[in-house]
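**Q** Predicted coordinates and the sequence they were generated for:
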Amino acid sequence: MSRNYGLGHRNMNKAGALALERARVAKEISYETEHRYAQSWSQFTSWAKEQGINRMEHITATLVTQYGRGLADQVRAESTAASTAQNRVSAVNRVMHMA
């Protein structure tokens, strides 16, 4: 059984970065988008690891919803802009779609 959808790396963060790189090489996304998504993906994977998740196959819609709720709390506390929170969740969704 492959790990992280067979993207070529056992590290969930790096596997997502490889998915983004492949999308850029295929001209599906720009270099700038790759960079922005990679930053958001890295933040998500750090959070996911704190939740005990270390494989992309274990990321569920419920987990992403929990992440989004945490970001919403940050928006309410005015420590994160709403647009930033939305972009972070969007990046997670896009990386998972690419995987």
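**A** Structure's in. What do you need?
**Q** Might you list the low-confidence residue ranges for this structure?
**A** Counting by pLDDT under 70, the chain has low-confidence residues at 1.
**Q** got the residue ranges for the helices in it?
**A** 12-25, 31-50, 61-76, 82-98 (DSSP state H).
**Q** ok, Thr65 to Asn93 distance?
**A** Applying C-beta to C-beta, to the nearest Å, the value for Thr65 to Asn93 is 11 Å. Where C-beta positions appear, they are placed from N, C-alpha and C, glycine not excepted.
**Q** for Met12, same thing?
**A** Per C-beta to C-beta, Met12 is found 15 Å from Asn93.
**Q** So for these two, which sits in the more crowded spot?
**A** Each of Met12 and Asn93 has its neighbours counted (other C-beta atoms under 10 Å); Met12 has more, 26 against 13.
**Q** check contacts around the more buried one.
**A** 4, 45, 48-49, 53-56 (C-beta atoms under 8 Å, 6 or more residues apart in numbering).
**Q** mind redoing it with 7 Å?
**A** Counting by C-beta atoms under 7 Å, 6 or more residues apart in numbering, Met12 touches 4, 45, 54-56.
**Q** What remains of those residues if I keep only buried residues?
**A** 4, 45, 56 (16 or more other C-beta atoms under 10 Å).
**Q** can you put those in TSV and add distance to Glu34?
**A** Output for the buried ones among the contacts of Met12, formatted as TSV (distance: C-beta to C-beta, whole Å):
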residue	distance to Glu34
Asn4	18
Thr45	16
Met56	17
